[in-house]
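Student: Quick one: sequence plus predicted model below, questions after.
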Amino acid sequence: MIAKQLQISGRVQGVGFRDWLVLTASGLGLSGWVRNRLDGTVEALIAGNEETVEECIRACQHGPPLALVDHVEERVGEPPSTQGFIVRSDA
């Protein structure tokens, strides 16, 4: 299992990005969370097998139909302590 922390910038708030990512990550069997940040980015922690995590990161580079993703910054993260993928409170 690997975990990646993502910071996604562009037009990513107010376009359904968090709900889209919950559906996408859950459909891939990943665990983690997603939340809006006060700086206008979306932050996510995605954990699972390496191939599936990378597939989800590739999907995040496009996002839902109304999103316009400029950049996805990724770094190694700590795996979540629980299974499933949820929306967390804004940071």
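Tutor: Perfect, thanks for sending it.

Student: What does Val12 show for phi and psi?
Tutor: phi -120, psi 0 (degrees, to the nearest 10).

Student: Neighbours of the closest residue to it other than its chain neighbours, how many?
Tutor: In space, and not counting its chain neighbours, Val12 is closest to Val42: 4.6 Å by CB to CB, 6 or more residues apart in numbering. In short, each C-beta sits where N, CA and C put it, glycine included. The number of residues packed near Val42 is 24, by other CB atoms under 10 Å.

Student: Can you name the residues that contact Val42?
Tutor: Leu6, Gln7, Ile8, Val12, Gln13, Phe17, Arg18, Leu21, Val34, Arg35, Asn36 (CB atoms under 8 Å, 6 or more residues apart in numbering).

Student: List the contacts of the residue nearest the centre of the chain.
Tutor: Closest to where the C-alpha atoms of the chain average out (CA atoms, centre = their mean) is Ala44, at 3.9 Å. Ala44 makes contact with Gln5, Leu6, Ile8, Leu21, Ala25, Gly32, Trp33, Val34, Arg35, Cys60, according to CB under 8 Å, 6+ apart.

Student: Looking at the residues you listed, which are in helices?
Tutor: Residues of those located in helices (DSSP state H): Leu21, Ala25, Cys60.

Student: and which of the residues you listed is nearest to His71?
Tutor: Cys60 (10.5 Å; CB to CB).

Student: so the closest one makes contact with Gln7?
Tutor: No - contact between Cys60 and Gln7 fails when scored by CB atoms under 8 Å: they sit 10.4 Å apart.

Student: Give the residue from the two that has the larger number of neighbours.
Tutor: Taking other CB under 10 Å, Cys60 and Gln7 do not tie; Cys60 has more neighbours (25 against 16).
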